[in-house]
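[1] how would this look folded up:
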Amino acid sequence: MYNKLKIYCKQTIPLTDKELDLIDDYFESRILKKKEYLLQDGRVCNFLAFIDEGSIRHFHIKDGEEKTCDISFENFWVTDFQSFTNNTICIMNLQAMERTTVSLIRKENLLNLYKECNKYETFGRLMAEKVAQRATEIAMSLSSEKPEERFCNLIKKQPELFQRIPQKYIANFLGISPESLSRIRKRIYTKEKS
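    Presented below is the predicted three-dimensional model:
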């Protein structure tokens, strides 16, 4: 159980087998069906979750419309850090885009894990830095790149996205309509062929 998480942890910080086994004590495994929510807005987020298999879409609702903020795949962490850290109601939704398995740790268990093995505090900091870095990359892309540039970068960084996620969510993430995404894809593929 939790093999992918243990491999990820061991690659991130030096842990003994005994320290790695603490994952079994503090984490719980959860399987989400396609379209099932890991987190819905209006609740307090009291967990961090590692994606073992599958994908999760991060979105919020503004003026009645869903706004996709990110799509995460295997070996990524998901949470609503603002809600998790401040114990406040979240506005973020985390929804499985396919059958998804996560290893989840609740906030109180995380704090107990930190007390039992301080190496996990270092791990937690590194994980939070990685999540913050991803959020910064997305914000920079949305503020400074044209839709075609964002599309090309997305293909380079996450080519599996287009095989696993419906086009309407990818378009929403890029901040364009599905029709615009189709035109951009056609234009780029036409350029590549010539």
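
[2] Now K10. Nearest residue, chain neighbours left out?
    L20 (6.3 Å; Cβ to Cβ, 6 or more residues apart in numbering). Where you see a C-beta, it was placed from the backbone N, CA and C, and this is true even at glycine.

[3] Next up, the contacts around the one you found.
    By Cβ atoms under 8 Å, 6 or more residues apart in numbering, the contact list for L20 reads K6, C9, K10.

[4] ok, now P147?
    So P147 contacts L174, G175, I176, S180, I184 (Cβ under 8 Å, 6+ apart).

[5] what sits against the most centrally placed residue in the chain?
    The structure's the chain has its C-alpha centroid closest to S72; by Cα atoms, centre = their mean the separation is 3.4 Å. Neighbour list for S72: I51, S55, I56, H58, V78 [criterion: Cβ under 8 Å, 6+ apart].

[6] next one: phi and psi at it?
    In terms of degrees, to the nearest 10, the main-chain angles of S72 are phi -110, psi 150.

[7] how close does it sit to T16?
    Going from S72 to T16 by Cβ to Cβ, to the nearest Å gives 29 Å.

[8] again, but for I31
    Applying Cβ to Cβ, the value for I31 to T16 is 29 Å.

[9] With G64 instead?
    51 Å.

[10] can you check T100 too?
    T100 is 30 Å from T16, where distance means Cβ to Cβ.

[11] Of those two, which one has the most company?
    Legend: neighbour count by other Cβ atoms under 10 Å for T100 and T16, higher for T100 (26 against 11).

[12] Report how many residues lie close to the residue nearest to the more buried one when sequence neighbours are not counted.
    Nearest in space to T100, with sequence neighbours left out and distances taken as Cβ to Cβ, 6+ apart, is G54 at 2.7 Å. Residues within reach of G54, counting by other Cβ under 10 Å, total 19.

[13] Surely G54 touches M97?
    Yes: using Cβ atoms under 8 Å, G54 is in contact with M97, at 7.3 Å.

[14] Going by neighbour count, which residues of the longest helix along the chain are buried?
    Longest helix in the chain by number of residues (criterion: DSSP state H): helix 119-144. The neighbour-count check on helix 119-144 (16 or more other Cβ atoms under 10 Å) flags K119, Y120, F123, G124, M127, V131 as buried.

[15] pLDDT on the helix or strand just after it, on average?
    Counting by DSSP states H and E, the next helix or strand C-terminal to helix 119-144 is helix 147-157. Per-residue pLDDT values across helix 147-157 average out to 84.

[16] I'd like to know which elements the helix or strand following helix 147-157 is packed against.
    Toward the C-terminal end, the helix or strand that comes next after helix 147-157 (DSSP H and E) is helix 161-164. Other helices and strands packing on helix 161-164, by 3 or more Cβ pairs under 8 Å, 6 or more residues apart in numbering; DSSP states H and E, are helix 147-157.
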